[in-house]
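Asks: mind looking at a prediction? Sequence and model below.
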Amino acid sequence: MRKLVLTATLAFCAFVVFAQSENKDIDSKLRFGFNLGANYSFLQSKEPLPSNAEIYNGIGVKLGVFMDYSISKNFLFSPKTELALNKSGVETSNNDNSISNYKVFPISLDIMTHFVYKIGERKNNSIYSCWTKFQTTT
């Protein structure tokens with residue numbers, strides 16, 4: 001699992017290390033990013049399990065990459081892909097005192113797209129612009 005995370009991180013770094021560009025139109029239309037997070041698997045059984053079986057749940061990892069592409073001034077296209085490494089399964093004890101481990105969805109891949117429509121003019125309402133306006137007026 002460590003090799004997979006390291007490989008994904010290095011591959012991502014190769015794509016997002018951008019320097020300054022002279023083509024401002026492309027830079028303002030296209031942006032790349034990544035997300036990293038944790039997840040918790042919560043596996044349950046609707047029916048009672050045999051006495052030799054036990055469900056386990058745990059904390060997993062989620063890695064993702066996304067892109068924002070501005071089609072027009074008010075319309076944004078944002079595809080996203082996430083790889084989740086889940087930690088849940090069923091452990092059973094056999095008659096010969098060996099343990100069998102069955103993982104449930106150990107890896108999942110989510111591919112999704114968002115379309116964003118911005119309504120109205122975007123104004124610069126950041127705290128820094130408000131602070132500089134406050135300082136200049138007092």
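Replies: Sure, I can see it.
Asks: what about the nearest residue to residue 58 once chain neighbours are set aside, distance to residue 40?
Replies: Leaving aside its sequence neighbours, residue 58 sits nearest to residue 87 (C-beta to C-beta, 6 or more residues apart in numbering; 3.4 Å). Placement of C-beta: from N, CA and C, glycine included. Residue 87 is 8 Å from residue 40, where distance means C-beta to C-beta, to the nearest Å.
Asks: who has more neighbours out of these two?
Replies: Neighbours of residue 87 and residue 40, each counted by other C-beta atoms under 10 Å, are more numerous for residue 87; the result is 19 against 11.
Asks: quick check: phi and psi at that one.
Replies: Residue 87 has phi and psi values of phi -130, psi 80 when expressed as degrees, to the nearest 10.
Asks: near residue 64, how many other residues are there?
Replies: 19.
Asks: in the protein, what spans have low per-residue confidence?
Replies: Within the chain, the stretches with pLDDT under 70 are 1-27, 121-138.
Asks: which stretches of it form helices?
Replies: According to DSSP state H, the chain carries its helices in the segments 2-16, 24-29, 127-137.
Asks: which residues does the closest residue to residue 50 other than its chain neighbours contact?
Replies: In this structure, residue 50 finds its nearest non-sequential neighbour in residue 92, 7.6 Å apart by C-beta to C-beta, 6+ apart. Applying C-beta atoms under 8 Å, 6 or more residues apart in numbering, we find residue 92 in contact with 50, 52, 53, 54, 99, 100, 102.
Asks: cutoff 7 Å now
Replies: Counting by C-beta atoms under 7 Å, 6 or more residues apart in numbering, residue 92 touches 52, 53, 100.
Asks: re earlier: what touches both of residue 87 and residue 40?
Replies: Going by C-beta under 7 Å, 6+ apart, residues that sit against residue 87 and also against residue 40 are residue 59.
Asks: rewinding a little: report the contact partners of the residue nearest to residue 58.
Replies: 41, 58, 59, 60.
Asks: how much space between the second one and residue 65?
Replies: In this case it means residue 58. 24 Å.
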